[in-house]
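# Sharing a model prediction with you, sequence too.
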Amino acid sequence: MMKRTFKMSAVALVMGFGAAIAAPAAMAQSAAVVCPGYEKGKTTLVGERTGKKVQKAFEAYNEDRVDEALQILYDIDTSDEFDKSYVGRFIGNLLAAREGQGTKALGYLTDSVQPKVLNDTEHAQTLKLIGDLSMQENKYNDAVKWYKEWMDFTCKEDPDVYTRMAQAYYESKQLDKMVDPADKAIALYEKPNKNPYVLKLTSYYERKMYPETVAVAEELVSKFPENGRWWTQLGFFYMLVEDFKKGLSTFDLAYEQGFLKKANEIKTLAQLYATNGVPYKAAKLMEKYIDSGLLEDNADMLASVANSYHQAKNYDLAANYYGKAAAKSSDPEHYRKQGTLLLVAEDYDGAIRALNNALDRGAENPANIHFSLMEANFYKGDFKAAYEHVQEAKKDRSMRRNASAWEPYIKEKAKNRGINI
């Protein structure tokens with residue numbers, strides 16, 4: 001919520017009661033009308049009787065006796081249209097500065113501008129203030145209406161007002177209407193402001209218009225390259241449209257600049273390395289951040305490292321990490337993968353230990369594991385054990401043909417070595 005500060009200067013009192021009541025800091029800028037052909041009218045002043053009471057209210061307000069000031073204003077009874085609007089505007093401004101009085105303030109302020117009798121600057125400032133108060137009170141459609149009235153009256157375009165209109169459309173779920181005021185705000189800001197870009201991006205993203213979302217995210221990175229948040233968001237959006245190469249290059253650049261701080265960001269970069277055919281870098285990255293403590297040293301994370309090393313054909317390292325994962329999880333699948341990789345790496349004793357651990361823990365598809373144990377024992381030279389495992393593998397229909405093909409070969413090798421099986 002914007003802070004509202006109202007102070008009437010001594011200069012305003014000297015100049016007369018027609019001078020503008022000071023508005024919130026955000027509203028205090030000049031509101032002179034700039035419409036083509038506009039001629040400023042004569043300044044209207046409050047009547048003498050009303051003016052004396054208003055002066056007393058000013059004095060009370062300047063001495064921080066706001067309740068007394070309000071009571072004086074409430075008691076003013078006038079039939080003059082300008083005086084009534086002027087006093088109503090004064091009351092509305094004072095109430096707007098008070099917590100919980102926004103709705104009441106809106107009533108007085110809207111009444112004050114309806115007859116269009118206030119002086120131009122006062123009228124313009126009040127229109128914009130009503131828009132801001134409507135936003136504060138969650139009256140978003142009203143806010144848009146009053147902002148448009150302010151623009152129509154002053155013939156001004158203000159990037160802050162356009163940004164607030166885009167926000168109002170978002171809050172009222174009119175997502176398709178957000179883009180136009182956001183674009184106008186972007187064009188009007190002398191120095192780039194992230195807010196209309198973010199609103200525009202939100203409009204596209206929530207409507208699942210992902211290519212358009214990517215385009216806005218690219219603008220955010222271009223305009224605000226020092227903000228790491230936009231880099232990571234752009235990377236995620238590239239992934240959303242399955243442009244994984246750009247996703248990787250974006251995350252890689254963000255990483256080099258030190259923007260990746262969260263575990264999910266490091267995991268995403270590792271995933272992108274793997275997706276783009278660089279699994280070794282994925283594994284090394286995860287290793288680094290497991291060691292640093294950013295990534296959890298748990299079975300799932302260790303298995304991810306193992307999987308990346310496996311893709312990179314670093315079988316020893318992959319098997320080592322599956323073994324670490326298995327030690328934490330006792331998952332038979334981790335032991336099975338460790339054993340299979342050790343078999344490929346020709347560590348037959350290690351493969352046999354890991355595969356037996358998988359069987360002991362109730363692994364699925366035991367016939368497959370028996371087949372791997374048959375291979376490990378065969379290459380180790382233990383033909384008797386190999387023959388026992390091939391018999392187990394034959395019990396499964398899906399493995400029977402392959403196992404049966406090995407059986408005579410095992411017998412022949414055993415016979416040549418003088419081993420009776």
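Received, thanks.
# Check whether residue 191 sits in a helix, strand or coil.
What DSSP: H, G, I helix; E, B strand; the rest coil gives for residue 191 is coil.
# what are the phi and psi values for it?
Main-chain dihedrals, residue 191, degrees, to the nearest 10: phi -110, psi 130.
# list the contacts for it?
By Cβ atoms under 8 Å, 6 or more residues apart in numbering, the contact set of residue 191 is empty. C-betas here are computed from N, CA, C, even on glycine.
# And the pLDDT for it?
In this model, residue 191 is scored at 96, pLDDT.
# next helix or strand past the helix or strand harbouring residue 392?
Taking DSSP states H and E as the definition, residue 392 sits inside helix 383-394. With elements assigned by DSSP H and E, the helix or strand that comes after helix 383-394 is helix 397-416.
# Quick check: which helices or strands does that following helix pack against?
Using 3 or more Cβ pairs under 8 Å, 6 or more residues apart in numbering; DSSP states H and E as the contact test, the elements touching helix 397-416 are helix 366-380, helix 383-394.
# Mind listing what's buried along the helix holding residue 392?
383, 385-390, 392-394 (16 or more other Cβ atoms under 10 Å).
# Check which residues of stretch 407-416 are buried.
Applying 16+ other Cβ under 10 Å to stretch 407-416 flags 407, 410-411, 413-414 as buried.
# now swap in stretch 281-293 and tell me
For stretch 281-293, the neighbour count (16+ other Cβ under 10 Å) marks 281-287, 289-290 as buried.
# want to throw the helices and strands packed on helix 397-416 into JSON lines with mean pLDDT and distance to residue 319?
As requested, the helices and strands packed on helix 397-416 are exported to JSON lines (pLDDT from 0 to 100; distance: least, Cβ to Cβ, whole Å):
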{"stretch": "helix 366-380", "mean pLDDT": "97", "distance to residue 319": "13"}
{"stretch": "helix 383-394", "mean pLDDT": "97", "distance to residue 319": "20"}
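# and of those helices, who's closest to residue 237?
Closest of the helices and strands packed on helix 397-416 to residue 237 is helix 366-380, at 41.2 Å (criterion: Cβ to Cβ).
# how far does that closest one sit from the chain's center?
50 Å (Cα atoms, centre = their mean, to the nearest Å).
# Next: stretch 85-99.
Mean-position distance between stretch 85-99 and its chain equals 38 Å (Cα atoms, centre = their mean).
# Report the rounded mean pLDDT for it.
95.
# ditto for stretch 59-70
In the prediction, stretch 59-70 has an average pLDDT of 94.
# what's the first-to-last distance across it?
Length of stretch 59-70, first residue to last, Cα to Cα, to the nearest Å: 11 Å.
# need the next SSE after the helix or strand hosting residue 124, C-terminal direction.
Here residue 124, judged by DSSP H and E, is contained in helix 120-136. For helix 120-136, the following helix or strand on the C-terminal side (DSSP H and E) is helix 140-154.
# List the contacts of the residue nearest to residue 337 when sequence neighbours are not counted.
Spatial nearest neighbour of residue 337, excluding adjacent residues (Cβ to Cβ, 6 or more residues apart in numbering): residue 322 at 4.7 Å. Residues in contact with residue 322 (Cβ under 8 Å, 6+ apart) are 302-303, 306, 334-335, 337-338, 341, 354.
# Helix, strand, or coil at residue 322?
On the basis of three-state DSSP, residue 322 is classed as helix.
# quick one: residue 182 from residue 246, how far?
The spacing between residue 182 and residue 246, counted by Cβ to Cβ, to the nearest Å, is 24 Å.
# Counting neighbours, go ahead and name the busier of these two.
For residue 182 versus residue 246, neighbours defined as other Cβ atoms under 10 Å are more numerous around residue 182 (28 against 17).
# Tell me which helix or strand the more buried one sits in.
helix 179-188.
# quick one on the thing from earlier: report the inter-axis angle for the helix holding residue 392 versus helix 397-416.
Comparing the axes of helix 383-394 and helix 397-416 via axes from the mean of the first three to the mean of the last three Cα atoms, to 10 degrees yields an angle of 160 degrees.
# Just the CA trace of helix 383-394, in PDB.
The C-alpha trace of helix 383-394 is given here as PDB (Å, rounded to 0.1, in the frame of the first residue of the first chain):
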ATOM      1  CA  PHE A 383      31.500 -72.500 -14.200                       C
ATOM      2  CA  LYS A 384      29.700 -74.500 -11.500                       C
ATOM      3  CA  ALA A 385      28.100 -71.300 -10.100                       C
ATOM      4  CA  ALA A 386      27.400 -70.100 -13.600                       C
ATOM      5  CA  TYR A 387      25.600 -73.300 -14.400                       C
ATOM      6  CA  GLU A 388      23.500 -73.000 -11.200                       C
ATOM      7  CA  HIS A 389      22.400 -69.500 -12.100                       C
ATOM      8  CA  VAL A 390      21.600 -70.400 -15.700                       C
ATOM      9  CA  GLN A 391      19.200 -73.000 -14.400                       C
ATOM     10  CA  GLU A 392      17.500 -70.400 -12.300                       C
ATOM     11  CA  ALA A 393      17.300 -68.000 -15.300                       C
ATOM     12  CA  LYS A 394      15.700 -70.800 -17.400                       C
END
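# That helix: how far from the chain's middle?
57 Å.
# Then stretch 199-213?
12 Å.
# Show me what it is in contact with.
163, 166-167, 170, 175-176, 178-179, 182-183, 186, 216-217, 220, 237, 240-241.
# just the buried members of these?
Buried among the contacts of stretch 199-213 (16+ other Cβ under 10 Å): 163, 166-167, 170, 175, 178-179, 182, 186, 216-217, 220, 237.
# among the buried residues of stretch 281-293, which are in helices?
281-287, 289-290 (DSSP state H).
# Just give the number of residues close to residue 303.
There are 22 residues near residue 303, going by other Cβ under 10 Å.
# wait, it sits on residue 319?
No: contact criterion Cβ atoms under 8 Å: residue 303 and residue 319 do not qualify, at 11.9 Å.
# any residues in contact with both of these two?
With Cβ under 8 Å, 6+ apart, residue 303 and residue 319 have common neighbours residue 337.
# buried set for whatever helix or strand residue 93 lives in?
Using DSSP H and E, residue 93 maps to helix 81-96. With burial defined by 16+ other Cβ under 10 Å, the residues of helix 81-96 counted as buried are 82-96.
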